[in-house]
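Novice: Show me how the following folds:
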Amino acid sequence: MNADHKHNRRHHSQVQLNVDIVKHVAQYQPCGFQELYALFGQTEEDKNATERFRARLGHLTYSKQLEATGSAAAKRWRMPQPSSAAAEKQVPASMPALAIVPPAQHNVMRAPPYVPEVTATARTGAMDFKRYGSRGFSC
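Specialist: The predicted model follows:
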């Protein structure tokens, strides 16, 4: 790669087409693929133009410049919504902070040993096997 080519490369968020797409979505959100492709994607006439334009929208979504909702043909793009962390910061100061209760934990190393309760046998004669010695091989 020569020095001139490296110097002229720009980050994808600074490419004018990407900037124009983001501005359009900001003004007319939410926007569908057909609308965006009709305005910005038909610059080239070849069979891979739609795939490249979908990839461009995917990169804008991945870099959090746009947010995609829906799937397949119903996919729409809009500007990213504030994150939940930012939304929590916008909570009025008059609201009291709720105490968060940690989940219950059972420490098996400090718990008393488990001893099952003794119950009566299910039927008479069920424990008769204990009266006879083992006939198997000793270990």
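Novice: can you give me the helices for this protein?
Specialist: Listed in chain order, the helices of the chain (DSSP state H) span 3-8, 16-28, 33-36, 49-62, 84-89.
Novice: Can you list the helices and strands that the shortest one packs against?
Specialist: Helix 33-36 sits against helix 16-28, helix 49-62, with contacts defined as 3 or more Cβ pairs under 8 Å, 6 or more residues apart in numbering; DSSP states H and E. All C-beta atoms are positioned from the backbone trio N, CA, C, and that covers glycine.
Novice: Turn these into JSON lines, columns for distance to N107.
Specialist: Shown next, in JSON lines, are these (distance: least, Cβ to Cβ, whole Å):
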{"stretch": "helix 16-28", "distance to N107": "53"}
{"stretch": "helix 49-62", "distance to N107": "43"}
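Novice: now those in a markdown table, with mean neighbour count and distance to Q42?
Specialist: Output for the helices and strands packed on helix 33-36, formatted as a markdown table (neighbours: other Cβ atoms under 10 Å; distance: least, Cβ to Cβ, whole Å):
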| stretch | mean neighbour count | distance to Q42 |
| --- | --- | --- |
| helix 16-28 | 14 | 12 |
| helix 49-62 | 15 | 7 |
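Novice: what's the closest of these to R78?
Specialist: Minimum separation from R78 across these (Cβ to Cβ) falls at helix 16-28, 6.3 Å.
Novice: quick check: angle from that closest one to helix 49-62?
Specialist: Between helix 16-28 and helix 49-62, the angle comes out at 70 degrees (axes from the mean of the first three to the mean of the last three Cα atoms, to 10 degrees).
Novice: hang on, the earlier thing: in a markdown table, list the helices and strands packed on helix 33-36 along with mean pLDDT and distance to Q81.
Specialist: Output for the helices and strands packed on helix 33-36, formatted as a markdown table (pLDDT from 0 to 100; distance: least, Cβ to Cβ, whole Å):
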| stretch | mean pLDDT | distance to Q81 |
| --- | --- | --- |
| helix 16-28 | 84 | 13 |
| helix 49-62 | 84 | 13 |
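Novice: Cheers, nothing more for now.
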